[in-house]
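K.L.:
Using only what follows, build the 3D model:
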Amino acid sequence: MKSINPNAFKVVNPIELSKLPTNLDIGASDDKKEDKLENVSSKLSDLQDVM
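P.N.:
Now for the predicted structure:
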């Protein structure tokens with residue numbers, strides 16, 4: 001899986017959102033993405049329980 005560079009998302013010129021892709025190709029399988037999403041969801045749930 002590729003690492004994500006936040007600077008790649010900087011908007012420095014006028015853009016049209018309708019022309020931008022909605023999915024980021026990170027080179028991961030759907031199963032890998034689902035595993036990561038479940039992990040993040042679990043951590044978020046734990047954080048919400050603390051709050």
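
K.L.:
so what pLDDT did the closest residue to I4 other than its chain neighbours get?
P.N.:
In space, and not counting its chain neighbours, I4 is closest to I26: 6.8 Å by CB to CB, 6 or more residues apart in numbering. Heads up, the C-betas are built off the backbone N, CA and C, glycines and all. Among the per-residue scores, I26 holds a pLDDT of 81.

K.L.:
ok, I26 touching K2?
P.N.:
Yes. Under the contact definition of CB atoms under 8 Å, I26 touches K2, with a separation of 5.0 Å.

K.L.:
For the spatially most central residue of the chain, give me its contacts.
P.N.:
Nearest to the geometric centre of the chain sits L24, at 7.5 Å (CA atoms, centre = their mean). For L24, the contacting residues are I4, by CB atoms under 8 Å, 6 or more residues apart in numbering.

K.L.:
What separation is there between it and A8?
P.N.:
Using CB to CB, to the nearest Å, we find L24 at a distance of 9 Å from A8.

K.L.:
coming back round to it: which secondary structure state does the residue nearest to the centre of the chain sit in?
P.N.:
In terms of secondary structure, L24 is coil; the call rests on DSSP: H, G, I helix; E, B strand; the rest coil.
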